[in-house]
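J.: no sequence on this one, just coordinates:
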Ligand code: BGC
């Protein structure tokens, strides 16, 4: 089944047009929506480890932490209260993405981005000026709502704006901004941690206003996507926009296909009921499994806990922070590899290569920790050993950064037909946020119980997800977004869920040119 199980997407329509400077610019501006998510992913871990922050807002946590003298490195002090504070953002984003899906469909993609930027800005202001835990949590909830709106609308915006041949590349600018946001946050924490007087955490939290301002102002200037304009009855504006972003007047064919997709979309009053239909089983499954698997790679364990992990293997506080920054740099650079290759090699190749790379690294890391720390969790390990461990973690991070990181956002945003695209993306965001929350919440307890086996645990999941991609994910590179139904229809497993008269938005199926 394997070889024939996927469809080579390179053989559907190829609309005229090129990669214009205009589309490139709009996509880069829209992608800045990733900065707010990235900044938050990167800033929280550092801030919650700053003593003045703990003393002010979580004094009981601070007292327990300083009193903790256990030498078992697997079971260091862990506070559910503190992780719950960090995770509240992801829960807020989860809920917000459903509201965003409604607005994105009814008011346009740009509207949701703007709303996301403004709400995130308000959250940053509340957090930076926080006087008590109440303000801190209210701020985090606003930040979460902002992230929910941005992550729901930006990937869809990018996938709709891009010409099919460059969709992977342009969509991945979102992930690039996420990784840049994480890196900037790591560097900011590095600097603010040194501020004497104990108010560095305020600077870290308040600086979130900068990416928020970039997104807010940027989205004011963005045009909406032709798909969304047609869907909301602005046909002329859509045609003009399509000409402008494709750099040619010869857009009739693509325009007609967008109108057909929109007519289908208008018949659907209840996207949530529709998405459950049998013919969308494939897309629904992928929209749920991809973000679930993305979090089960274990990447966020590294993102959230790298400094803790490095301290555990014997680095001093500064060396641990440096190592975290190195990982951040690797994360950014490796994302470019994906951007450069995704529309040539395809999504499947990157998924499978990245997955294999992560699998091997996890086995090595688990084994290296097992050899030194055994089950007691006590060890004194040589410097070269710790450095080798950091290197292997870098190879792991690179594997994620050119596969599950960017593809985790790209693939769900490009597989749905227009009428349920917004709803589908909300599902992806909420599953992603739910498991980001779950992993953040459970990691320290899992490390304490599973010990080095935690790395084997994630390795098993990566093995399973490679199987999922190999057998169940068709190739979507170069396939026009409103033609995607053909890909599912042709798939040897998913095809059986789609009846002949209901595929491709009700249009007669195109015959691939081969
Ligand atoms: C994921 C995040 C992760 C980040 C790392 C994103 O695609 O959704 O959970 O922290 O990549 O770069």
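T.: Perfect, I can see it now. Bear in mind the structure is a predicted one, so any value in this text is a computation, not a measurement.

J.: what number of residues lie near residue 494?
T.: Applying other C-beta atoms under 10 Å, we find 22 residues neighbouring residue 494. All C-beta spots, glycine's among them, are computed from the backbone N, C-alpha and C.

J.: nope, residue 402 is what I was after
T.: 26.

J.: Check it and give its pLDDT.
T.: On the pLDDT scale, residue 402 is placed at 98.

J.: From the ligand, how far out is it?
T.: Distance, residue 402 to the ligand, by C-beta to the nearest ligand atom, to the nearest Å: 11 Å.

J.: What are the neighbouring residues in contact with that residue?
T.: 334-335, 337-338, 341, 350, 353-354 (C-beta atoms under 8 Å, 6 or more residues apart in numbering).

J.: now residue 407
T.: With C-beta under 8 Å, 6+ apart, residue 407 has these contacts: 290, 338, 342, 347, 350-351.

J.: PyMOL command for the buried members of the contacts of residue 402?
T.: Per 16 or more other C-beta atoms under 10 Å, the buried members of the contacts of residue 402 correspond to this PyMOL selection:
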select buried, resi 334+335+337+338+341+350+353+354
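
J.: Tell me which two of the contacts of residue 402 sit farthest apart.
T.: Of all pairs drawn from the contacts of residue 402, the greatest distance, 14.6 Å, lies between 335 and 353 (C-beta to C-beta).

J.: Please look at residue 310 and residue 325 and confirm they touch.
T.: No - using C-beta atoms under 8 Å, residue 310 makes no contact with residue 325, being 11.1 Å away.

J.: Counting neighbours, go ahead and name the busier of those two.
T.: Using other C-beta under 10 Å as the criterion, residue 310 and residue 325 rank with residue 310 on top: 23 against 16.

J.: can you tell me if the helix or strand of the chain at the bottom of the mean pLDDT ranking touches the ligand.
T.: Ranked by mean pLDDT, DSSP states H and E, the weakest helix or strand in the chain is helix 299-312, scoring a mean of 82. Yes - contact of helix 299-312 with the ligand (C-beta under 6 Å from any ligand atom) involves 299-300, 303.

J.: List buried residues within the residues you listed.
T.: If we count by 16+ other C-beta under 10 Å, the residues of helix 299-312 next to the ligand have these buried: 299-300, 303.

J.: which one of those residues is nearest residue 444?
T.: For these, the nearest to residue 444 is residue 300 (12.9 Å; C-beta to C-beta).

J.: The residue nearest to the closest one when sequence neighbours are not counted: neighbour count?
T.: Spatial nearest neighbour of residue 300, chain neighbours left out: residue 439 (5.3 Å); criterion: C-beta to C-beta, 6 or more residues apart in numbering. Other residues lying near residue 439 total 22 when counted by other C-beta under 10 Å.

J.: Let me know the average pLDDT across the one helix or strand residue 439 maps to.
T.: Secondary structure assignment for residue 439, by DSSP states H and E: helix 418-450. Across helix 418-450, pLDDT averages out at 91.

J.: Which SSE is immediately downstream of that helix?
T.: Assigned by DSSP H and E, the successor of helix 418-450 is helix 453-472.

J.: how about that next one, does it get close to the ligand?
T.: No - using C-beta under 6 Å from any ligand atom, helix 453-472 stays clear of the ligand, with a minimum separation of 13.7 Å.

J.: Give me the angle between that helix and helix 299-312.
T.: Taking axes from the mean of the first three to the mean of the last three C-alpha atoms, to 10 degrees, helix 453-472 and helix 299-312 form an angle of 160 degrees between their directions.

J.: For this protein, give me the ranges with low pLDDT.
T.: Where the chain drops to pLDDT under 70, the residues are 1-12, 77, 500-514.

J.: thinking again about what came up before, distance to residue 63 added to the buried ones among the residues of helix 299-312 next to the ligand, as a markdown table?
T.: Shown next, in a markdown table, are those (distance: C-beta to C-beta, whole Å):
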| residue | distance to residue 63 |
| --- | --- |
| 299 | 32 |
| 300 | 28 |
| 303 | 28 |
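
J.: which SS class is residue 49?
T.: Secondary structure, DSSP: H, G, I helix; E, B strand; the rest coil: residue 49 is coil.

J.: What helices and strands are in contact with the least confident helix or strand of the chain?
T.: For helix 299-312, the packing partners by 3 or more C-beta pairs under 8 Å, 6 or more residues apart in numbering; DSSP states H and E come out as helix 33-47, helix 317-345, helix 383-401, helix 418-450.

J.: Point me to the residue of the stretch 51-200 of the chain nearest the ligand.
T.: residue 179 (4.8 Å; C-beta to the nearest ligand atom).

J.: Up against the ligand, what does the protein have?
T.: Close to the ligand, as judged by C-beta under 6 Å from any ligand atom, the chain has residues 41, 175, 178-179, 182, 294, 299-300, 303, 331, 405, 408-409, 432, 436.

J.: quick one: which helix or strand includes residue 196?
T.: In the assignment (DSSP H and E), residue 196 maps to no helix and no strand.

J.: excluding its backbone neighbours, what's nearest residue 182?
T.: residue 42 is the one closest to residue 182 (C-beta to C-beta, 6+ apart), at 3.7 Å.

J.: so that neighbour touches residue 300, yeah?
T.: No - Residue 42 is beyond contact range of residue 300, at 11.2 Å (criterion: C-beta under 8 Å).

J.: ok so, going back, how about the contacts made by the residue nearest to residue 300?
T.: Taking C-beta under 8 Å, 6+ apart as the test, what residue 439 contacts is 295-296, 298, 300-301.

J.: Give me the neighbour count for the nearest residue to residue 60 once chain neighbours are set aside.
T.: Nearest residue to residue 60, sequence neighbours excluded (C-beta to C-beta, 6+ apart): residue 81, at 7.9 Å. Residues within reach of residue 81, counting by other C-beta under 10 Å, total 10.

J.: Now the helix or strand harbouring residue 81: buried residues?
T.: Using DSSP H and E, residue 81 sits within helix 80-107. By 16+ other C-beta under 10 Å, the buried positions in helix 80-107 come out as 82-83, 85-94, 96-105.

J.: One more: stretch 239-253?
T.: Quick answer for stretch 239-253 (16+ other C-beta under 10 Å): 239, 241-247, 251.

J.: Now do the same contact list for the residue nearest the centre of the chain.
T.: For the chain, the residue nearest the mean C-alpha position is residue 409 (5.2 Å; C-alpha atoms, centre = their mean). Contacts for residue 409 (C-beta under 8 Å, 6+ apart) come out as 151, 155, 171-172, 174-175, 428.

J.: ok, back up a step: ok, residues contacting the least confident helix or strand of the chain?
T.: By C-beta under 8 Å, 6+ apart, helix 299-312 touches 41-42, 44-46, 49, 73, 76, 86, 182, 317, 319-321, 323-324, 327, 386, 390, 393, 396-397, 400, 404-405, 436, 439-440, 443-444, 454, 458.

J.: Tell me the buried residues within those.
T.: 41-42, 44-46, 49, 73, 76, 86, 182, 319-321, 323-324, 327, 386, 390, 393, 396-397, 400, 404-405, 436, 439-440, 443-444, 454, 458.

J.: Which residue does the stretch 401-514 of the chain have closest to the ligand?
T.: For the stretch 401-514 of the chain, C-beta to the nearest ligand atom, closest residue to the ligand: residue 405, 4.2 Å.

J.: Without its sequence neighbours, what residue ends up closest to that residue?
T.: residue 175 (5.3 Å).

J.: Same question for residue 28.
T.: residue 173 (5.9 Å).

J.: name the element that neighbour belongs to?
T.: Following DSSP H and E, one finds residue 173 within helix 167-192.

J.: For that helix, buried residues please.
T.: Under 16+ other C-beta under 10 Å, the buried positions of helix 167-192 are 167-186, 188-190, 192.
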